[in-house]
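In: next one to model:
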Amino acid sequence: MRQDIPYQIDHALFERLVHGDEEAFEKLVYTLYKKLFPFAVSLIKSESEANDVLQEVFLKIWLHRSSFSAIENPMGWIHTVVANTASNYLRTKIRNELRIKKYHSQSVVSAGMEEQLDANFTQSLIDEAVNKLPAKRKQVFLLSRKEGLSRKEIATRLNVSENTVRNQLVEALQFVREYLTQRGGLTIPAILILMDIL
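Out: Residues are numbered from 1 along each chain as shown. Next up is the predicted model:
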C-alpha cells in the first residue's frame, strides 16, 4: 500500500465523496489506510486480518457515502465503523471456531456467509478478467497482485521501465473494472480492486 501521499482530509474531500467522486475516495483510502491500519491491528492482533477488515470498512464508506453530508464528525464515524467491523469480525471468527470444535469437520454456515459468497463471486470475475488480459499485461498484473512485487521490482524482473509497468497495471485495472461492470453489474471503485498495487 502506498503510504507517502500527503493528502489532507477535510470537509471538501468528504463533500466530493458524497457526490461519488472516485478520485476523492482514492485519496481518502490512501490517507486513512496508514492511520487506521495500526488501530485495526490493535483490535484484530493480525496484520493480514486487519487489512481484510479495512477493505470491508472502505467498502462500507463507499456504499454509505451519500449519508456523509448528514454526519457531523465523519472521522469519528469512520473510527466507529472500524471498531464495529473488527468486533463483528472477531465475534464471527470465535463463533466459527467454536462450531468447528463442536462439529469437527462438519460444514458450518457463518453469519457472514452471504458477504463471503459475494466476495468469492467478485474474485471469480476478477480472475476471469485477468485470464483475458494479453500475456505481458497479465504477467505484470499477477506479479503485482499475487506476488506483491513493487513496480520497481517488476520492472527489474521483466527488464522494462517502471512507467511501462505502471501503464500495464492501469490498463489491466481498467479492463478488470469494465469486465466486472459488464458481467456482474458491479460498480466497485478501482481502488478497492487493486488497493495495494498502484
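
In: against residue 124, how distant is residue 131?
Out: Going from residue 131 to residue 124 by Cβ to Cβ, to the nearest Å gives 11 Å. Just so you know, the C-beta spots here come from the backbone N, C-alpha and C atoms, and that holds for glycine as well.

In: I figured residue 14 was touching residue 67, is that so?
Out: No - with contact defined as Cβ atoms under 8 Å, residue 14 does not count as touching residue 67 (11.0 Å).

In: settle it for me: which of the two has more neighbours?
Out: The neighbour comparison of residue 14 against residue 67 (other Cβ atoms under 10 Å) goes to residue 14, with 17 against 11.

In: pLDDT score assigned to the more buried one?
Out: pLDDT, residue 14: 79.

In: name the helices or strands packed onto the helix or strand hosting it?
Out: Using DSSP states H and E, residue 14 falls within helix 11-18. Counting contacts by 3 or more Cβ pairs under 8 Å, 6 or more residues apart in numbering; DSSP states H and E, helix 11-18 packs against helix 22-44.

In: any buried residues in the helix it packs on, and which?
Out: Neighbour-count burial for helix 22-44 flags 24-33, 36-37, 40-41, 43-44 (criterion: 16 or more other Cβ atoms under 10 Å).

In: in the chain, which spans are helices?
Out: In the chain, the segments counted as helices under DSSP state H are 11-18, 22-44, 47-63, 74-103, 113-131, 135-145, 151-158, 162-184, 190-193.

In: any stretches of the chain with poor pLDDT?
Out: 1-10, 101-123, 183-198 (pLDDT under 70).

In: can you rerun that using 50?
Out: Under the criterion pLDDT under 50, the flagged ranges of the chain are 1-8, 105-111, 191, 194-198.
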